[in-house]
Every structure is written in C-alpha cells, then in structure tokens.
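**Q** Predicted structure and sequence below. I'll ask about it afterward.
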Amino acid sequence: MTQFPTSTANFRWRARSYLLFGAGVTMLAAGVYLARPALLYLGLPILLAPVAAALFGPARAPTATMDWHLEGSGPDVRVLGTIAFAPPTDARDIEVTSECPAGLEEVAPPIVTRTRTEIRFEMRWNAPAPIVIPVPIPVLSWQDPAGLVERDVAWSPTDLVIERYPAELVHIGAVRLERTIAAPGETLSRRIGPDGEFFGIRYAAPTEPPRRVNWPATARTGHLMLNEFQAERTGDILLLIDARPTRLGARLDAQLLSLSVAAAHGIAESFLREKARVGLAVYGEFLDTVPLASGRTQRLRMRTALQKVRLTLSPGPTERCAVSLRRYFPPGVTTIVFSSLEDEESRYLILHLRRRGFPVVVLSPSALPIVTAHPTLSAEDEALITRIAYLIRRDRIARTWEDAPVVDWDDHWSLGGLVDLLRRPGRRGRSV
Amino acid sequence: MNAKSGRVPRTRVVTPTVALLLVATLALTYLTPLPGATQVLLGALAIVAVAGATALRMSRDPLARDLAPFAVLVILGVLAAATSVAVVPELLAGVVGVVFLTWLLDDPRRATQGVSRGLLVWAIPAVAVGLAWASATLLPSNAAPVGVAGGLLAAAIVTLVYLIRRPELFDRDTPATI
C-alpha cells in the first residue's frame, strides 16, 4: 500500500475551483465587452477566492496516525478508530472518506467525532455471509472551509482484515490429522499438553486439575507438582479451492468463492494455531499453491494467498489439477476440496484426486440460500423452482458421496457438519 | 463518515448565509433598470436558483455538490449584466460576490465548513473589491486608468491560468522521487 507521492500529487484544485475560475473569467471578460462594471465587481471576488483558499492551510502534507480495530462477532462488524494529527494541523479541517467493502452492507451511517487534535470514528456494517476481506483504508484530505482546494494527508496506517467465519471452525484444529512423511531435515512441531507421552514435572498452579498432580513428587518436594505430557499434534491438511466458473454465473460464483475463502481461512487459522502443517492450492486455469508448513509465517502466507483468490475466466482441465497437486504435496494428506459441485467437472476433480492418493473431503457451499427470487414469478412457482433446485443439488451431492464424503454447506454461518465429519475416524476421506 | 452518507437536519440546511444571499440577490434585482414584470420574473428566478443550489449541495453525489453553485453564478451574472452603470449597484454587485463566497463556506454537508473558519477565503476578495470600488469612485478618471485596468486584467488572467496549470506552486513538500 506504499505510495510514492510525486511533487504534484499532494495539492489539488477541486471541481468547485474550476467552476469559480471559469465563472470569474467569464464575468470579467463579459464586463469589459459589455462595458458593465458591475460584472467586474462581481467577478473579482469569485476569481480571487480559489487563490485565497490555496494560500490558506498547511504548506506541507499534514501527517496523521491511526489506531483502529474491529469489534463485533458473526454478522456484526464494527470498525472503531482514532486518527491523530501532528500540530499545527487542525483535525476539523480534515475530510474523511470511507467506503463499505464489497460483500458487506452498511447498517448505519458512520459516526465521526472531531476535536482539534483527533478524529474518532465508528463504522457499522453487516456481513450477510462469512467473509474475509481487508477494510479499505479511509481517505484523508485537508480541505479549505469552502471546499475549493485539497491536500493529501501523509500517513500509512496498518492493515485491518475482517475475518468472519463460522464459529465451529475455531475448534476444528483439535481434530487429529493424518501425518505424511516428514521431509528430510524437517522437525515436527510438538505440543506440551494434558495427554500423550510423559514430558516432565513442573510446579502446579492452584487451578490445575488434580488428575495431573504427581503426588509422590509433591510429597518429596513439599510443593504441588504436576505432570506434563508431550502430545504430538502435528498433522497435515491441504485446502484446495476450485476457482473455476460454473453454470451459476459470475456473480453467484464469486459469492460462493468468497464463502470458500472465508471457510479456508478459518480452517487454516485453527489448524495453524494447533501447530499442524497446512497447505493451500487454488485451481483456476493453473494450480497456485502454498506448500505445507506451520507457524506464523505460514499464517501470513496463507492470508496473503487467500486474499488474492479470484474467479478465473479460462478454466483449466480437471486432470491438470490432480497431476499438478502431486508435484507440490505428498499423497495421503487430508484434503478439503472447496467446490460448489454445480457441474460434472467438479465431480471428476474428486475422482482424479482420489486416484492420485489424496483422501478428499468436499465442502460444498450451496448457492440456494443466496439466490434471489425472480420478480416475475409467483410464490408458488418460486417454491416449485426452489424445490427442484434443491432436489437437483441433493442428487449431485449423493453421486459425489460415492467418491468422497461431502458436506452440504447450506447454512453459511454453521460448519458443524464438517467438524463432525473430520472427527469421525473412518469418514475422513478415502484414497484409492 | 463521508459527506455522502448521513442525513443533515432540515434546520441546518437553511443557514443565515442562505437568507443573506437571497436578500443580496433580490436587492441587486431591485436595482436593475428593467420593467416591473421583468424584475419580478428575475427575482423569482433568483429565488429558484438560490433554493435549487442550496438543495443541490445537500445531494449525495459529490460532483453535484461541487457544481451546485452554478445556478447561483448564472443568475448573478445575468443580474450584474442588467445592472445600470452607477456607484451603488456596482458596489452591491461586489458585495453580492462576497456574500456568495460566505454562502459557499456555510455548507452543512461538509465537516470542514464555517464562515469564521474560512475568513481568508472571503476577506481577501472583500478587500480586493473594496479597493477596486474605492479607486474607481474616489480617484479622478481619465483614459489612462482604463488602459492600466485592462492591462492588469489581462495579467491577472494570464497569472490565473499559470497557477491553475501549476498547482505544485502551492506545495512546499519535498518530492519523494527524483
């Protein structure tokens, strides 16, 4: 987001200035031509006002800093922030322009409170469906009181990302994943916890559970001592997003893709928190991947890659995805495929993945809850069409179930079905 | 957060400067040497223009808000062109120009508005109008000042065009790039 300002980028005449310049020059010229001094007297202040406005205000770009954060949960999104200015800039001269990001709805107009030194704001939006999207940085500009000239404000605020995904995903990381072979030199991360191999003894806090108290050690030392265990929690999971267009059309495809991205983000965050290795693959025309890894850097990689996911215009062949996937990921890694399953190609993708050794679970966001009613249809026709669409989808899911377990994601704020499926040992995808 | 969202209370839309502009415009209309019916028509047009511009500057569209003064400028230009060549109407035309600037400053939609806060924006033109009017009425006139005035006018227009094309002249920031 770094912008290198040029020497002319900082100061601008606004449209109103050009209007006054034009009107003033016209009045002066008309006054001379028609020999009407009143036109000259009228045109003079109008012509001078923009120049006076340009002389007014800071000579340099004012500097600002912003402290902002998100509040709310689920569909409720609230952005609160404080913008502070270094003196001698008066915060009351700063115009703040913000926009509601695509995919969110504005609940109420932003509340802005100005003092001499700072601007406080609160924006209230509603997320109709899970979404992961960066908050657009508000545009600040110093403006003269007449709105004739403006000057950019020099600032570089930190990024803020809205992350709204189903609450069940917070605990999905506790699912024990299958491990694949460690790469040469790789150290598998370990976690100290309440179960697993014995690791050591430490002083117990008053709130520790009595079951883990090591009573012989406590008797020897005179202090309450606690057993610690080393739980090997590292597992691998691959998130594969199908970003190819379907027969639903670009608008619905984009909405479903946004849902998939939000779910993938939630799943990745949860597993990475549990020190599992997470990989990402996005298939459009070609395969874009983030190789399996864990840790904070991987979290950043995943976030960056997920923010770049866009619907492709030229879809690649299905088999290419499976072939490419084997170049980047070892077979046997648990794979969650995000696909709307709206055409046969999606089903073939599952087949090709299984043949190449990837145990697949399909998470299929349903378009039915977000399809809007056609205005010309009667209520009965609408109900009939919805019923037929539902049956078609059930049939497609049933046929896909022959190859891999499918989670029909029709309630977009709940993913309990996926968590339950992954917890069941025998249902976590089958490889050939 | 921006001016395009949020409602402005109706009581704040009609500010004192709206009334002032309306009175000044009607006074200018009254001083035009036109038949009574034409004066009434022009007065009605002036009221419509001021009311329309005041309503338009409350619009959600930023470009419409920026161009709202156009109607007022047109009617003021027509009235000034129709005004007789006399000392008082000329001074009133200048005053109307300054009042128009105060109306621009008093825009309830804009967070940075304020007549007192934008003192320089209307005070500098007001001083210029006062000087021009005083020099034109109080100094002895002959052909030479007309030539000087024409030359000054041409120089002012050339300077303005130059300033419009070089906005960086008002910018004293050090460029980040070479």
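**A** Happy to help now that I have it.

**Q** Give me the secondary structure label for the spatially most central residue of chain A.
**A** Closest residue to the average C-alpha location of chain A: residue A:132 at 1.9 Å, with C-alpha atoms, centre = their mean. Following DSSP: H, G, I helix; E, B strand; the rest coil, we place residue A:132 in the strand state.

**Q** Contacts only, for it.
**A** Counting by C-beta atoms under 8 Å, 6 or more residues apart in numbering or on different chains, residue A:132 makes contact with A:161-165, A:261-262, A:265, A:306-307. Yep, even glycine has a C-beta here, placed from its N, CA and C like the rest.

**Q** Show me these that map onto helices.
**A** Among the contacts of residue A:132, the members found in helices (DSSP state H) are A:261-262, A:265, A:306-307.

**Q** Identify the farthest-apart pair in those residues.
**A** Farthest-apart pair in the ones in helices among the contacts of residue A:132 is A:262 and A:307; separation 11.3 Å (C-beta to C-beta).

**Q** Okay, and residue B:58 sits in which element?
**A** Of the helices and strands defined by DSSP states H and E, none includes residue B:58.

**Q** before we move on, the earlier item: could you check which of residue A:262 and residue A:307 has the larger neighbour count?
**A** Using other C-beta atoms under 10 Å in any protein chain shown as the criterion, residue A:262 and residue A:307 rank with residue A:262 on top: 26 against 15.

**Q** how near is the more buried one to residue A:130?
**A** 4 Å (C-beta to C-beta, to the nearest Å).

**Q** quick one: terminal-to-terminal distance for stretch B:60-68?
**A** Chord length of stretch B:60-68, first to last residue, is 12 Å (C-alpha to C-alpha, to the nearest Å).

**Q** cool, stretch A:321-334 as well?
**A** 16 Å.

**Q** what does that stretch contact?
**A** Residues from elsewhere that reach stretch A:321-334 (C-beta under 8 Å, 6+ apart): A:177-178, A:180-181, A:235-238, A:240, A:242, A:279, A:281, A:283, A:286-287, A:289, A:291-292, A:349, A:352-353, A:355-359, A:361, A:422, A:428-429, A:431.

**Q** Restricted to strands, list those residues.
**A** Among the contacts of stretch A:321-334, the residues falling in strands (DSSP state E) are A:236-238, A:240, A:242, A:279, A:281, A:283, A:287, A:289, A:291-292, A:361.

**Q** Now list the buried members of those residues.
**A** For the ones in strands among the contacts of stretch A:321-334, a burial check counting by 16 or more other C-beta atoms under 10 Å in any protein chain shown picks out A:236-238, A:240, A:242, A:279, A:281, A:283, A:287, A:289, A:292, A:361.

**Q** State the distance from the closest residue in space to residue A:61 that isn't next to it in sequence to residue A:68.
**A** Once flanking residues are discounted, residue A:61 sits nearest to residue A:154: 4.3 Å by C-beta to C-beta, 6 or more residues apart in numbering or on different chains. Separation of residue A:154 from residue A:68 (C-beta to C-beta) stands at 17 Å.

**Q** Helices of chain B, start to end?
**A** Counting by DSSP H, the helices of chain B are B:10-13, B:16-30, B:36-56, B:62-66, B:70-82, B:87-105, B:119-138, B:143-165.

**Q** For the fourth one, name the packing helices and strands.
**A** Here helix B:62-66 touches helix A:15-34, going by 3 or more C-beta pairs under 8 Å, 6 or more residues apart in numbering or on different chains; DSSP states H and E.
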